[in-house]
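Engineer: Predicted structure and sequence below. I'll ask about it afterward.
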Amino acid sequence: MNLQSLLREKRVLVLCGAGGVGKTTTAAALGVAAARAGRKVLVLTIDPAKRLAEAMGMPEGGAEPTPIPPERLFAGQEPGPGRLDVWMLDPRVVFERFVRRLSSSPEAARTILENRLYRFLSDLVAGMQEYAAAEALDNFLDEGGYELIVLDTPPSRHALDFLEAPGRLARFLDDRIVSVFLPEEKSRGGRLWRKTSQLVGNVLGSIFGESFTQEMRTFMGAFSGLFAGIRLRADRLRSRLTSPDAAFLLVTSPEGASLSEAAFFRDMLHEKGLPFAGFVLNRSWAREDGLTSPEALLRHVEDAGAARDGVEALIRLADLERARAEAHRGVLARLAEKLPAGAVAVAAPEAGGELEDFGGLVRLGEALATS
């Protein structure tokens, strides 16, 4: 299997990797390639670099995915049936939509959203990028509006925590301790638990006042109706991401620290039973096998002099570049060793730094897709 097959056949493509390896750019480029090939694609990203966000036309803090205009997406080729939307995840927006979806009624949703305690919980969740990624991914898959979703995960060793984030939130909110704060009619414990709940209520009332205590219990009572939905969605997302419809790509660079992170992610994917699709080697010269040699210039210069000195300096630089390219090809070969059946190890062409425009994403996506 190659990357083109992944882009054509998968429904979810999750990119993981250390910071600074070009993971977000790779996610965007693969989304562009899949859309230009005819699929309806959504790229979900956490925090793209400013220039990449501008190249994608991605507004900061947008409440909805931003569509890429067809004339931009299909520049240089005949327009096709594909579509590309991009969205920078906003945890607060994701969490509010989650509350509205899972509440039993609009009134129940308002009881939660208009409570001042919701603002505290919202601020807490705003720091949970992993939770936002999981919830948004599950919701878009449920709606079924996209044939492929490309998810750019946070650049850390905790990137795969988005798989566990909904479950952790469910366990936190559904813990027996939380039920102490529920209204008495919603408490699931026995007589002793209800007595404990009454005692906690009395203590809170004496500290914060009866009004605040009642407001907190009303909020917790309304929120408790979402517990079952949180657990269900956590189980459903895990099932979706372990299915043949999903694939995980690890993006790395030739640097030792990045390669160590890639090995860590590979082991974590194996441990969690997730479908590992292979490696993308960025920031490398592994594909530069056609470097021009300056040695031929020697016959055009005198035996001595500044011109010859300049050519000899170029030759030394060329030797360094060839050695670097050879070393990076060795890195790629080591990444390709012992890959599971169907997994790939490909090198992205060296782009000379940050990609500045949408055309650069098109070129990178096409190069990767044909690797």
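Structural biologist: Nice, thanks for sending it over.
Engineer: At which residues are the helices of the stretch 201-350 of the chain located?
Structural biologist: Secondary structure of the stretch 201-350 of the chain (DSSP state H, counting those that start in this stretch): helices located at 210-223, 227-241, 256-272, 306-336.
Engineer: For my notes, please list those helices in a markdown table and give mean pLDDT, mean neighbour count and distance to Pro65 for each entry.
Structural biologist: Every residue, glycine included, has its C-beta placed from N, CA and C. A markdown table is the format used below for the helices of the stretch 201-350 of the chain (pLDDT from 0 to 100; neighbours: other CB atoms under 10 Å; distance: least, CB to CB, whole Å):
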| stretch | mean pLDDT | mean neighbour count | distance to Pro65 |
| --- | --- | --- | --- |
| helix 210-223 | 64 | 17 | 27 |
| helix 227-241 | 79 | 18 | 19 |
| helix 256-272 | 89 | 16 | 26 |
| helix 306-336 | 80 | 15 | 33 |
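Engineer: For Gly365, find the nearest of those.
Structural biologist: For the helices of the stretch 201-350 of the chain, the distance to Gly365 is smallest for helix 306-336, at 19.2 Å, taking CB to CB.
Engineer: same for that closest one, what does it pack against?
Structural biologist: strand 276-281, strand 344-347 (3 or more CB pairs under 8 Å, 6 or more residues apart in numbering; DSSP states H and E).
Engineer: ranking those by burial, who's on top?
Structural biologist: strand 276-281 (a mean of 25; mean count of other CB atoms under 10 Å).
Engineer: Output that strand as CSV, nothing but the C-alphas.
Structural biologist: The C-alpha coordinates for strand 276-281 follow below in CSV (Å, rounded to 0.1, in the frame of the first residue of the first chain):
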residue,chain,number,x,y,z
PHE,A,276,-0.1,1.8,12.1
ALA,A,277,0.2,2.9,8.5
GLY,A,278,3.8,3.9,8.5
PHE,A,279,6.2,6.9,8.6
VAL,A,280,6.6,10.2,6.7
LEU,A,281,10.2,11.5,6.9
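Engineer: any chance of the helices and strands packed on helix 306-336 in CSV, plus distance to Glu107?
Structural biologist: Output for the helices and strands packed on helix 306-336, formatted as CSV (distance: least, CB to CB, whole Å):
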stretch, distance to Glu107
strand 276-281, 45
strand 344-347, 51
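Engineer: Give me the buried stretch members for stretch 52-62, please.
Structural biologist: For stretch 52-62, a neighbour-count test (16 or more other CB atoms under 10 Å) marks Leu52, Ala53, Ala55, Met56, Met58 as buried.
Engineer: returning to that earlier point: wait, which of the helices of the stretch 201-350 of the chain is closest to Lys10?
Structural biologist: Comparison of the helices of the stretch 201-350 of the chain against Lys10 by CB to CB identifies helix 227-241 as nearest, at 11.2 Å.
Engineer: and that closest one with helix 256-272, angle?
Structural biologist: For helix 227-241 against helix 256-272, the angle by axes from the mean of the first three to the mean of the last three CA atoms, to 10 degrees is 110 degrees.
Engineer: ok, back up a step: show me the buried residues of stretch 52-62 that map onto helices.
Structural biologist: Judged by DSSP state H, the buried residues of stretch 52-62 include Leu52, Ala53, Ala55, Met56 as members of helices.
Engineer: Tell me which two in the residues you listed are the farthest apart.
Structural biologist: Ala53 and Ala55 (7.3 Å).
Engineer: what kind of secondary structure is Leu13 in?
Structural biologist: The three-state assignment at Leu13 reads strand, by DSSP: H, G, I helix; E, B strand; the rest coil.
Engineer: Glu366: what's it in contact with?
Structural biologist: Shown in contact with Glu366 (CB atoms under 8 Å, 6 or more residues apart in numbering): Ala33, Arg36.
Engineer: cutoff 10 Å now
Structural biologist: Listed by CB atoms under 10 Å, 6 or more residues apart in numbering, the contact set of Glu366 reads Gln4, Ala29, Val32, Ala33, Arg36, Ala37.
Engineer: Just list the residues touching the fourth one, thanks.
Structural biologist: Spelled out, that is Ala33. Listed by CB under 10 Å, 6+ apart, the contact partners of Ala33 are 3-4, 7, 39, 41, 82, 84, 361-370.
Engineer: One more: Ala323?
Structural biologist: Trp285.
Engineer: Please tabulate the helices of the stretch 201-350 of the chain in JSON lines and include distance to Val93 as additional columns.
Structural biologist: Output for the helices of the stretch 201-350 of the chain, formatted as JSON lines (distance: least, CB to CB, whole Å):
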{"stretch": "helix 210-223", "distance to Val93": "18"}
{"stretch": "helix 227-241", "distance to Val93": "17"}
{"stretch": "helix 256-272", "distance to Val93": "28"}
{"stretch": "helix 306-336", "distance to Val93": "37"}
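Engineer: returning to that earlier point: which among the contacts of Ala33 count as buried?
Structural biologist: 3-4, 7, 39, 41, 82, 84, 361-369.
Engineer: And the residues you listed, which is closest to Glu326?
Structural biologist: Ala367 (20.2 Å).
Engineer: List the single closest residue to that closest one in space, sequence neighbours excluded.
Structural biologist: If the residues on either side of it in the chain are set aside, Ala367 comes closest to Pro349, at 5.0 Å by CB to CB, 6 or more residues apart in numbering.
Engineer: circling back: closest one of the buried ones among the contacts of Ala33 to Asp47?
Structural biologist: The closest of these to Asp47 turns out to be Leu361 (CB to CB; 17.4 Å).
Engineer: Can you tell me how far that closest one is from Val150?
Structural biologist: For Leu361, the distance to Val150 equals 12 Å [CB to CB, to the nearest Å].
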